[in-house]
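In: coordinates only, sequence not included:
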């Protein structure tokens, strides 16, 4: 059974702290407004993607919105919760246990997954900034990546975010602004980092035979790859994200495409170095050359990578991020992304990951 | 693709507070010891069922036990997390996205789902004891259920627990002990309540074609039902659990059986009244007559219902409960339950639910 995306929504990301119930309901309400013929009674499963500590949010969201699904549960895998939830929803439909699955991701700016103080297995690296620094240093050493190239990652994402009404921040930044932003570690500056924010996003998954009831232009998930490894900074080679490489190979194989067929991609730029490593590990550019690619994208105003501004540009509400990436690629493949639109986008890709790529999910989507 | 249970484990439940990582690893290690030919590299997905607030526990468990799965995530739906996780694992296999899924449930005695202070949608009923009382009062009024009948639910479960080495408490209680235990509300006494405890349990799900590699006697999940409604105490009729009725009908239909074919069942006796309502709503006895059935089971030493002692007898480590129920029924269908064994058990049932049956899962299993 093929699985289609028949609706989606993303609320405005902010630095405020609205309640998690409010965030979940807002995205759900907007999805209903965006989707024709959708009734609460159609929905077989409600999956909530979040790192919020409240329990039982899927039944609460269901009750607040008048949905009485069979299946209702929260799914958590830190920053990768969103794509994990979509894959779980896909499996319910592909196994014919459900026809219609609503996946809603939400996070508050202040959330319990920001500092990894629970991570007993990985020593003292209790803040993501430590592995962000290690990766940056390794890439600079091996490939001669420059601070300016890294700054262009941030500049490109912030530029793209200016055309994304959901972004938490639509300010323009020059390369100088970024290079001169507060230095947090030897290798990372403030504007190299994505910012935790509040936000929510929802996606409606339906079995292929029902897709046309809810949308005139369904988008299909044609490739899925997932992999969990140890944290990448415990590996010998700090310049590659093994889980992303593995997930990408699975997804390309399932979708029967090669990397160079990807027209538009949302990737998980938690730090500027991540975007460079991911573009290389997805095979979108050869190893060590992502810095040059980003510079070219910036100068030619090409929105192929992170058209909504990625995590650095639009903000990073952890549980919502993967869902918002998927919503953006669905919108791109429908030609509905307004000023952010990549022309003739036929094949899209989403790469979502958690802490130092301990796990990665790669989805290939087509219209 | 049929889905089999090829291995399981349940650790000793306690009133201590071991770390959540310790609980998860203990059940996983025991499952590996119990399962022939199982290697870490075989496992495609690791699903953690818990209400613990720590993030990212599935990748941490994987790293601590040398597993590098594709899929790793936590699943939470309060007291129903365990069965929800099993159904999610089932869907990964049934959709051919995975061949082998390890599901591990764990909870600490002190956990964040005990008091429902987050439940903004349901008024002031912030402790389960309130709905336990409302249900008890309604059942007494409508069916003339007596305090003594309720006491026999507790007596039966505590008696069965004496033969369960994993139970937190194997003390014998007389009807007098139970009737005279501390009165908590007008209708509930201390020994009418299940007790939150620490514990963990694991189940290995495999596709049918691989089952014989890992076990000589695979058990199959032949029926699945799930339903999420509003909390049952917001309904007009407080003597029935609508979500359980709906889930049971789905599960019986999928398994092509009738209720009277069930040989052995684990049901979610959060309070003694729950067991009576569930036995009736599953159709194992007519409405209003579960009290008489329990009395008969007690007097004839019949272990058909809650052979491991249910939640009241063995304890209630929330995220582990559903998994431990399923492990017990698998063991029963394999004839491996020692003193707890129900003779010639061929068809088993598990009913797991969350807060006042806001959601219910019913599984039918066969050997």
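Out: Right, received. Where do you want to start? Source: prediction; values computed, not measured. Numbering: from 1, shown residues only, chains lettered A, B, ... in the order given.

In: Now do the SS call for residue A:157.
Out: helix (DSSP: H, G, I helix; E, B strand; the rest coil).

In: Sorry, slip of the keys, the one I care about is residue A:276.
Out: Relying on three-state DSSP, one would call residue A:276 helix.

In: Name the nearest residue to it, sequence neighbours excluded.
Out: residue A:290 (3.9 Å; C-beta to C-beta, 6 or more residues apart in numbering or on different chains). All C-beta atoms are positioned from the backbone trio N, CA, C, and that covers glycine.

In: Tell me how many other residues crowd the one you found.
Out: Residues near residue A:290, counting by other C-beta atoms under 10 Å in any protein chain shown, number 26.

In: List the contacts of the closest residue to residue A:68 other than its chain neighbours.
Out: What sits nearest to residue A:68 in space, not counting adjacent residues and going by C-beta to C-beta, 6+ apart, is residue B:229, at 5.5 Å. By C-beta atoms under 8 Å, 6 or more residues apart in numbering or on different chains, the residues touching residue B:229 are A:68, B:235, B:242-243, B:246, B:357-359.

In: any bit of whichever strand or helix holds residue A:129 sitting next to chain B?
Out: Using DSSP states H and E, residue A:129 maps to helix A:128-143. No. For helix A:128-143, no contact with chain B is found by C-beta under 8 Å from any C-beta of the partner chain; the gap never falls below 12.0 Å.

In: what's near enough to touch the residue of chain A positioned farthest from its centre?
Out: Going by C-alpha atoms, centre = their mean, the residue of chain A most distant from its centre is residue A:41, 28.8 Å out. Neighbouring residues of residue A:41 by C-beta under 8 Å, 6+ apart: A:67-68.

In: In three-state terms, how would it be classified?
Out: Criterion first, three-state DSSP; result for residue A:41: helix.

In: Next one: it from residue A:26, what distance?
Out: Computed as C-beta to C-beta, to the nearest Å, the residue A:41 to residue A:26 distance reads 21 Å.

In: just residue A:59 next, same as before
Out: For residue A:59, the distance to residue A:26 - C-beta to C-beta - is 18 Å.

In: Of these two, which one has the most company?
Out: Ranked by neighbour count (other C-beta under 10 Å), residue A:59 and residue A:26 place residue A:59 first, with 31 against 19.

In: Excluding residues flanking it in the chain, which one is nearest residue A:206?
Out: Closest to residue A:206 by C-beta to C-beta, 6+ apart is residue A:6, at 4.5 Å.

In: Could you pull out the buried residues of the host helix or strand of that neighbour?
Out: Assessed by DSSP H and E, residue A:6 sits inside strand A:3-10. Neighbour counts over strand A:3-10 (16 or more other C-beta atoms under 10 Å in any protein chain shown) mark A:3-10 as buried.

In: for stretch A:14-22, same thing?
Out: Applying 16+ other C-beta under 10 Å to stretch A:14-22 flags A:14, A:18, A:20-22 as buried.

In: what's the answer for stretch A:186-195, then?
Out: Neighbour counts using 16+ other C-beta under 10 Å place A:187-189, A:191-195 of stretch A:186-195 among the buried residues.

In: got it, and stretch A:238-258?
Out: Applying 16+ other C-beta under 10 Å to stretch A:238-258 flags A:238-252, A:254-255, A:257 as buried.

In: Please give me every residue in contact with the closest residue to residue A:275 other than its chain neighbours.
Out: Leaving aside its chain neighbours, residue A:275 sits nearest to residue A:269 (3.9 Å; criterion: C-beta to C-beta, 6+ apart). Residue A:269 is in contact with A:153, A:157, A:194, A:275, A:278, A:306, A:310-312, counting by C-beta under 8 Å, 6+ apart.

In: for residue A:269, helix, strand, or coil?
Out: Applying three-state DSSP: residue A:269 is coil.

In: Then the one 4 residues further on?
Out: When the structure is reduced to helix, strand and coil (three-state DSSP), residue A:273 reads as helix.

In: Now do the residue nearest to it when sequence neighbours are not counted, the pLDDT please.
Out: Leaving out its chain neighbours, the residue that sits closest to residue A:273 by C-beta to C-beta, 6+ apart is residue A:136, at 4.3 Å. Residue A:136 is assigned 96 on the pLDDT scale.
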